[in-house]
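Chemist: Okay, structure incoming, though there's no sequence with it:
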Ligand SMILES: Nc1ncnc2c1ncn2[C@@H]1O[C@H](COP(=O)(O)OP(=O)(O)OP(=O)(O)O)[C@@H](O)[C@H]1O
Ligand SMILES: [Mg+2]
């Protein structure tokens, strides 16, 4: 599902080259649940951005579900995301002018799938937000926005779900409910889940965990 070969990502900041990710190679099989752990600033969200085709690797090969992302145009990358991915970004990236309901329906509408309104409402119910369906993102709490982002990522039953700290804004009970939902969805659909987390409760349920330290992938270590 995911193949990275010698991937690096660097950028120029104030005239200086910053190496954010260094020579990352990894493979994730279809149906695996992989946790990505590491200190703040180690490059976890940047790695997710490369897998989502939001950033382009400056070296190495990024291949996701058989698609080589290097050198694709922004239109091709948008098409790739619609076909293969659900993403929960760390900052959510909900569309501010759309309601919660419309945000969740959006991936289905863009793919031209029927029944988007009903499916979006069913997903909002599953994350406990049916009563906020007509609220815009600014009218929702941080944890509510996070659950809308989760509903949007899952509504199309995508083969790969990328989630950046998906329980970061949730209380213990809501978090447990959302984790159960994530795992029941990926089990039911055979999807692959690649998630960044600082939450030991969530990390323990991954099949394996990868550790990023200062942009380098360390060997596999226990998840808990
Ligand atoms: N556009 C940018 N310009 C300059 N530096 C950047 C830029 N984007 C990311 N960085 C730097 O890259 C490093 C990795 O950032 P990233 O967001 O991937 O970390 P992270 O592991 O997700 O951290 P956190 O756990 O806090 O979310 C950080 O040191 C950050 O300051
Ligand atoms: Mg991050």
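Modeler: Yep, it's here. Owing to the predicted nature of the structure, the values given are computational and were not obtained by experimental measurement. Ligands and ions are numbered 1, 2, ... in the order given.
Chemist: hey, let's count contacts and neighbours off CA atoms from now on
Modeler: Noted.
Chemist: what's whichever helix in the chain runs longest in contact with?
Modeler: When the chain is parsed with DSSP state H, its longest helix is helix 172-189. With contact meaning CA atoms under 8 Å, 6 or more residues apart in numbering, helix 172-189 is reached by 31, 126, 127, 154, 157, 159, 167, 191, 192, 193, 202.
Chemist: which ones are touching the third one?
Modeler: Translated: residue 127. Contacts of residue 127 (CA under 8 Å, 6+ apart): 147, 148, 151, 178.
Chemist: Please name the nearest non-neighbouring residue to the third one.
Modeler: Nearest residue to residue 151, sequence neighbours excluded (CA to CA, 6 or more residues apart in numbering): residue 123, at 5.6 Å.
Chemist: Report the mean confidence score over the helix or strand encompassing that neighbour.
Modeler: Using DSSP states H and E, the element containing residue 123 is helix 116-126. Mean pLDDT, helix 116-126: 96.
Chemist: now it, how far from the chain's geometric center?
Modeler: 19 Å (CA atoms, centre = their mean, to the nearest Å).
Chemist: Give me the helices and strands touching it, please.
Modeler: Packing partners of helix 116-126 (3 or more CA pairs under 8 Å, 6 or more residues apart in numbering; DSSP states H and E): helix 100-110, helix 142-154.
Chemist: Helix or strand next in line after the longest one, which one?
Modeler: Reading on from helix 142-154 to the C-terminus, the next helix or strand found by DSSP H and E is strand 160-164.
Chemist: That next one near ligand 1 at all?
Modeler: No. Residues of strand 160-164 contacting ligand 1 under CA under 6 Å from any ligand atom: none, with a closest distance of 8.0 Å.
Chemist: outside of that strand, which residues touch it?
Modeler: 1, 45, 48, 52, 84-90, 153-154, 191-197.
Chemist: hmm, try it at 7 Å
Modeler: With contact meaning CA atoms under 7 Å, 6 or more residues apart in numbering, strand 160-164 is reached by 45, 48, 84-90, 153, 191-197.
Chemist: and these near ligand 1, which?
Modeler: Okay, of those touching ligand 1 (CA under 6 Å from any ligand atom), that's residue 45.
Chemist: Touching, residue 216 and residue 19? I think so.
Modeler: No. Using CA atoms under 7 Å, residue 216 is not in contact with residue 19, being 10.1 Å away.
Chemist: the more surrounded of the two?
Modeler: residue 216 (18 against 15; other CA atoms under 10 Å).
Chemist: picking that back up, could you dump the helices and strands packed on helix 116-126 into JSON lines with mean pLDDT and mean neighbour count added?
Modeler: As requested, these are exported to JSON lines (pLDDT from 0 to 100; neighbours: other CA atoms under 10 Å):
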{"stretch": "helix 100-110", "mean pLDDT": "96", "mean neighbour count": "22"}
{"stretch": "helix 142-154", "mean pLDDT": "95", "mean neighbour count": "24"}
